[in-house]
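Predicted coordinates and the sequence they were generated for:
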Amino acid sequence: MTEATMTTPEQHASAGDQLDLRLLRGSRGHGGLVLTVRVLPTALLLTAVQLLLTGSRLSRSWWYQDDLNILARAANRTLSPDQLFSNYNGHLIPGTWVIAWALDRVAPLQWWPAAVLTLIFVAATDLMMLALLRRLFGNRPAILVPYAMFCSTSLVLTSTLWWAAALEWLPLSLSMITALWFHVGYLRTRRRTDALGVLLAILFGLAFFEKALVTLLVLALFTVCYATPGSLWRRPWRGFRLYWGYWLVQAVLAGGYLWLYLTRTTIDTGPASKVSDVVEVTRLMILETLLPSLIGGPLNWYTTPGSNIGAWPHPSSALVILAAAMMAAAVIGSLLVIRGSWRAWLLLAVYLGISVTLVARVRLGFVGPWIGRDQRYLTDLAVMVPLCLGLAFLPLRDGLLGATVAAPVRPSRVAVRRQELIDRAEAWLARREAAAAATAAVVVLAMVVGGIYSGEKFMNSWSTNPGQTYFDNLNADLRAHSGPVYLFGDETVPELVMMSAFMDDRQIRHVTKPLPVRPQTGDALPYFSVVDPLGHLHDGMVRGSDVTLDPPVCATSDRPAIVKLPITITGGKWKVRLAYNTNRQTTARVALGTNQPVTMRLERGLHEVFVNADGNGANQLRLDGIDPGSTACLGAVTVGFPVIKS
């Protein structure tokens, strides 16, 4: 049978093109019971439950990893074009920079404004998803099944509670849903306001995440599959001709953004991955992460060694098999009895393929197949799977796109057999309407309860984030300190607050930029403090190799002071304590061996100074750069590392 365009069940019920799902419409079957589900109140109840749970979980969350880096980068910068469109790990995120800049100035390093904003994003996404389902399928009770799946899935946990991820994936989801809502309206009415709404929605998504560009492909596929007449291979060209101005504007948008993205970012894909790794990451993303999370899973989580914060889905084998079986039954069953359902699965397969390919291409080389358990990269599938499930099983709203399907002149044997299956299914459903309704209710309830359980199990690890304690203590000690607080700027925060992969961005001099009271950092300090793993300040000292100079070794403007060290220093940054005496204030330079010297100012009289110096390969210390007429004498030198003064 050649399919021309979409149809409604009422237009071609006699031809058997659609299964007459009276249960899904909430109407009376053949002598069956009448469903009295009130769609909107029930949907709003699901929304309220989800928002209450999300709010509760956000109250137990805090900044994590990239969050601290983004806030620090935005703290002392202006909203210039260079800042807004700067590269951040291969992303263009002007929207995130604007929000981070505002948070730094309104409520520096306070979590509640970010949590409230996240909750607003979630609420807006929920309401737009409900509006999209109603625009596509009408106000029938059956939309509660995909909507419950959308509201209860655990796929969105990490990308909701982790602020940096939330400002990528939540705007992406909201952008895609909103663009589809306007797109369906445009296909139906050709109103320019709907076309403008599509463009604005996509631009909004692109302000936070470049993957919003894939929404244009979703719109094109939806148009080809559901709103274009003719045989399948002719539809793309006809779809372009029908709406050529609309697509031209979108092509300009896509081309302009791609130019901006490619000229402003650097994408590092890491080493090439083995085929076996690509297969494994695909298996993990689909079977272990996506499918169980859609039906209320994964129920169980585990953490990676060395981390007690991030949790990874760990569904049981039984749940994996059940989820895969349910998905297979949905796909095969719809293909057998619902004409045109392949269009929904094609749309889902293309989008899922893009998501898996992006992860395999950009992240797999760095992390390995384990990255397939990271739910962040499947967040937008929490939108696409329920949407495509509805497209596969539910008739589109009457007159939505105003298209018809031509019935075949002579049905083939396959078509006749298929019609028989449809008739039997229809009769079976009519006889068991109450049982089917109860089954649907049980499925929805199981998804909701499973999602709640999975979410709370996830919080067992996520709520242990030590970052809040660390920065609360540090902020309180900085405020309580009577004088300036000096810290060596290269001191780093604990691994669980920011991992070592951030390198210099996890240093104290960087991450404390958003604090209302900041420490003074430098490479030459009159005294210094040390921050313990809980964020408390302590007086510091240098412990290591001591050299007492008797008589003192002196330096002038034309003669350096050289001190032989009892050890040969290897590796990294070392700290040096200099006990000195000068006849007047002077500048000076100190270096370990031939390494880069540190410039500092020495005060008149007896003092000490603590210096941060590279020491690789050094076995002597050199003091020079003294002002003319000045003399600086060293009485003691200690080379070592900072510790808490006992």
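Perfect, thanks for sending it.

and the longest strand for the chain?
Criterion DSSP state E: the longest strand present in the chain is strand 537-555.

So which bits of the helix or strand just after that one are buried?
Remark: after strand 537-555, the chain's next helix or strand is strand 561-564, criterion DSSP states H and E. Neighbour-count burial for strand 561-564 flags Ala561, Val563 (criterion: 16 or more other CB atoms under 10 Å). The way it works is simple: take the backbone N, C-alpha and C, and place the C-beta from them, glycine included.

And for stretch 75-94?
For stretch 75-94, burial by neighbour count (16+ other CB under 10 Å) applies to Ala75, Arg77, Leu84, Phe85, Ser86, His91, Leu92, Ile93, Pro94.

How about the second one, nearest residue that isn't a chain neighbour?
Meaning Arg77. By the measure of CB to CB, 6 or more residues apart in numbering, the closest residue to Arg77 outside its immediate chain neighbours is Gln83, 4.9 Å from it.

what about that neighbour, which helix or strand?
If you go by DSSP H and E, Gln83 is part of helix 81-84.

What's the mean pLDDT across that helix?
The average pLDDT within helix 81-84 is 89.

ok, now stretch 538-548?
Computed over stretch 538-548, the average pLDDT equals 91.

what's the offset of that stretch from the middle of its chain?
Centroid separation for stretch 538-548 versus its chain: 44 Å, with CA atoms, centre = their mean, to the nearest Å.

Which residues outside stretch 628-636 are in contact with it?
546-550, 552-557, 561, 563, 577-586, 588, 602, 623, 626 (CB atoms under 8 Å, 6 or more residues apart in numbering).

then that stretch to CSV, C-alphas only?
Presented in CSV, the C-alpha positions along stretch 628-636 are these (Å, rounded to 0.1, in the frame of the first residue of the first chain):
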residue,chain,number,x,y,z
PRO,A,628,71.1,49.9,44.7
GLY,A,629,72.3,50.8,48.2
SER,A,630,70.4,48.0,49.8
THR,A,631,71.6,44.9,51.5
ALA,A,632,69.6,41.8,52.2
CYS,A,633,71.0,39.1,54.5
LEU,A,634,69.6,35.5,54.9
GLY,A,635,69.8,33.9,58.3
ALA,A,636,67.8,30.8,57.7
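
Now it: buried residues?
Ser630, Thr631, Ala632, Cys633, Leu634, Gly635, Ala636.

What is the distance between it and the centre of its chain?
Chain-centre distance of stretch 628-636: 56 Å, with CA atoms, centre = their mean.

one step back: can I have the buried ones of the contacts of stretch 628-636 as a PyMOL selection?
Here is the PyMOL command that selects the buried residues among the contacts of stretch 628-636 (16+ other CB under 10 Å):
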select buried, resi 547+553+554+555+556+561+563+577+578+579+580+581+582+586+588+602+623+626
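
surely Asp504 meets Met498?
No: taking contacts as CB atoms under 8 Å, Asp504 lies outside contact range of Met498: 10.9 Å.

Just want to know which of these two has more residues nearby.
Legend: neighbour count by other CB atoms under 10 Å for Asp504 and Met498, higher for Met498 (25 against 10).

Report whether that one is found in a helix, as I expect.
No: Met498 is assigned coil when assessed by DSSP: H, G, I helix; E, B strand; the rest coil, not a helix.

mind listing what it touches?
Each residue near Met498 by CB under 8 Å, 6+ apart is listed here: Gln65, Leu68, Asn69, Thr492, Asp505, Arg506, Val511.

Would you check which pair of those lies furthest apart?
Farthest pair in those (CB to CB) is Gln65 and Thr492. Separation: 13.4 Å.

Would you mind splitting this protein into its domains for me?
When the chain is parsed with automatic domain parsing, its domains come out as 40-63+109-265+274-462, 467-523, 537-644.

Including distance to Trp101, could the ones you listed go into JSON lines?
Output for the domains of the chain, formatted as JSON lines (distance: least, CB to CB, whole Å):
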{"stretch": "domain 40-63+109-265+274-462", "distance to Trp101": "13"}
{"stretch": "domain 467-523", "distance to Trp101": "10"}
{"stretch": "domain 537-644", "distance to Trp101": "28"}
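
Looking at the ones you listed, spot the one closest to Ser529.
Closest among the domains of the chain, using CB to CB: domain 537-644, at 4.7 Å.

what helix or strand is Cys173 on?
For residue 173 the amino acid is Ser, not Cys. helix 163-189.

list the buried ones in that helix?
So helix 163-189, judged by 16+ other CB under 10 Å, has buried residues 163-188.

Walking through the stretch 1-150 of the chain, point out its helices one by one.
Applying DSSP state H, counting those that start in this stretch to the stretch 1-150 of the chain gives helices spanning 9-12, 22-25, 39-59, 66-75, 81-84, 94-106, 111-137, 144-152.

between those, which gets nearest to Thr570?
Thr570 lies closest to helix 66-75 among these, at 29.9 Å (CB to CB).

how far off helix 163-189 does that closest one point, in degrees?
Using axes from the mean of the first three to the mean of the last three CA atoms, to 10 degrees, the inter-axis angle of helix 66-75 relative to helix 163-189 is 90 degrees.

what helices or strands is helix 66-75 leaning on?
The contact analysis (3 or more CB pairs under 8 Å, 6 or more residues apart in numbering; DSSP states H and E) places helix 66-75 against helix 94-106, helix 163-189, helix 508-511.

Let me have these in TSV, extended by distance to Leu119.
As requested, the helices and strands packed on helix 66-75 are exported to TSV (distance: least, CB to CB, whole Å):
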stretch	distance to Leu119
helix 94-106	14
helix 163-189	10
helix 508-511	26
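
Could you export those helices as JSON lines, including mean pLDDT and distance to Leu155?
What follows is those, written out as JSON lines (pLDDT from 0 to 100; distance: least, CB to CB, whole Å):
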{"stretch": "helix 94-106", "mean pLDDT": "94", "distance to Leu155": "21"}
{"stretch": "helix 163-189", "mean pLDDT": "95", "distance to Leu155": "10"}
{"stretch": "helix 508-511", "mean pLDDT": "92", "distance to Leu155": "30"}
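
separation between the residue nearest the centre of the chain and Ala72?
The residue lying closest to the centre of the chain (CA atoms, centre = their mean) is Ala165, at 2.4 Å. Distance from Ala165 to Ala72, counting by CB to CB, to the nearest Å: 17 Å.
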